[in-house]
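# Sharing a model that was predicted from the sequence below.
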Amino acid sequence: MKTVTIYTDGACSGNPGPGGWGAILSYGEAEREISGGAAETTNNRMELTAVIESLRLLKEPCIVELYSDSKYVIDAIDKGWVYGWKKRGWVKADKKPALNVDLWEQLLALLSTHTVHLHWVKGHAANPKNERCDALAVAQRMKFAHGEK
């Protein structure tokens, strides 16, 4: 299987509010940047969307080294929380409903296709690819904040 490196980030102004996401996919010497956003969203939705949209681009099952500064995404998967939420009918351990179920379902399907190794990176800590993803996400957030499409 091919090994792809992916960096992702999400940004939101207000929670909810206008938001954006950005990602960098690298395979060998090739690199591709993608981004998008929404007029009314949350930071966690943008973090999840960045991962989902990145994995969707892969045309075959891959080994993925995924880097994100989102504890929400990384911990929910690495610590198995999301699998418990699903098993309980999308209810968290505290009996509250899990959020972003539509996105988690999409991500779980993609995780079953690829071998994903998750890596948490500290945000805004001079990691060039994380900083670039943040810039992509913020640019999209600004477009939606100003009513552009």
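Great, that's in hand. Residues are numbered from 1 along each chain as shown.
# need the contact list for G22.
8-10, 33-35, 50, 132-137, 139-140 (Cβ atoms under 8 Å, 6 or more residues apart in numbering). Heads up, the C-betas are built off the backbone N, CA and C, glycines and all.
# now do 6 Å
Listed by Cβ atoms under 6 Å, 6 or more residues apart in numbering, the contact set of G22 reads 9, 35, 133, 136-137.
# What sits closest to it if chain neighbours are left out?
Leaving aside its chain neighbours, G22 sits nearest to L136 (2.6 Å; criterion: Cβ to Cβ, 6 or more residues apart in numbering).
# Pretty sure that neighbour sits in a helix.
Yes: if the criterion is DSSP: H, G, I helix; E, B strand; the rest coil, then L136 is within a helix.
# So it sits against S35, correct?
Yes: counting by Cβ atoms under 6 Å, a contact exists between L136 and S35, whose distance comes to 4.1 Å.
# So for the two, which sits in the more crowded spot?
Summary of the neighbour comparison: L136 and S35, criterion other Cβ atoms under 10 Å, with L136 having more neighbours (25 against 21).
# which is the next helix or strand following the helix or strand encompassing S26?
Under the criterion DSSP states H and E, the helix or strand holding S26 is strand 17-27. The C-terminal neighbour of strand 17-27 among helices and strands, as given by DSSP H and E, is strand 30-41.
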